[in-house]
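1. whatever this is, show me its structure:
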Amino acid sequence: MTVELTVLALAGILQLLQLLIYVIAGDRQIGLKTAMGNRDDKPELTGIPARLQRAYNNHFESLALFTIAVVVVTLSNQSSPLTQTCAWVYLAARALYVPAYAYGLSPWRSIIWTIAIGAATIMLLATLL
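-> Numbers count the residues shown, from 1 in each chain. Prediction:
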């Protein structure tokens, strides 16, 4: 398995961890009885649980581009030290993004997001050049 595919698998695990963290934080905020209910009157999360939920949703958007980059690099057999480094940078940035978003660390959240997207973009560009 290529380094890029390994990092993609780890990015999937990060997605799962983000889900667990936000669900636990959300359940604590709204209460277990409400969380286990039918959700007809679903309360809106606020504060850190809401930001964790948004960070989780943002990871889906970012993960789509990264997945495309990994697939293109892998199928074109163009794994290189550059693409491997970019994959690790992407994963590290996405891991740092979660606490940066949760705690409202501005402008760091946006800078970290840009680093992750930039790393995935460089991976794609590396296959075309």
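
2. in the host helix or strand of residue 95, which residues are buried?
-> Taking DSSP states H and E as the criterion, residue 95 maps to helix 81-102. Buried residues in helix 81-102, counted by 16 or more other C-beta atoms under 10 Å: 83-84, 86-87, 89-91, 93-102. Glycine gets a C-beta too; all of them are placed from N, C-alpha and C.

3. list the buried residues in the helix or strand containing residue 14.
-> For residue 14, the host element (DSSP H and E) is helix 3-30. Neighbour counts over helix 3-30 (16+ other C-beta under 10 Å) mark 3-4, 7-8, 11, 14, 18, 21-22, 25-27, 29-30 as buried.

4. what's that helix packed up against?
-> Using 3 or more C-beta pairs under 8 Å, 6 or more residues apart in numbering; DSSP states H and E, the elements in contact with helix 3-30 are helix 47-75, helix 81-102.

5. about what we covered before: what's the first helix or strand after the helix holding residue 95?
-> helix 108-128.

6. in that following helix, what counts as buried?
-> Buried residues in helix 108-128 (16+ other C-beta under 10 Å): 109, 112-113, 115-117, 119-120, 122-124, 126-127.

7. against residue 111, how distant is residue 97?
-> As judged by C-beta to C-beta, to the nearest Å, residue 97 and residue 111 stand 10 Å apart.
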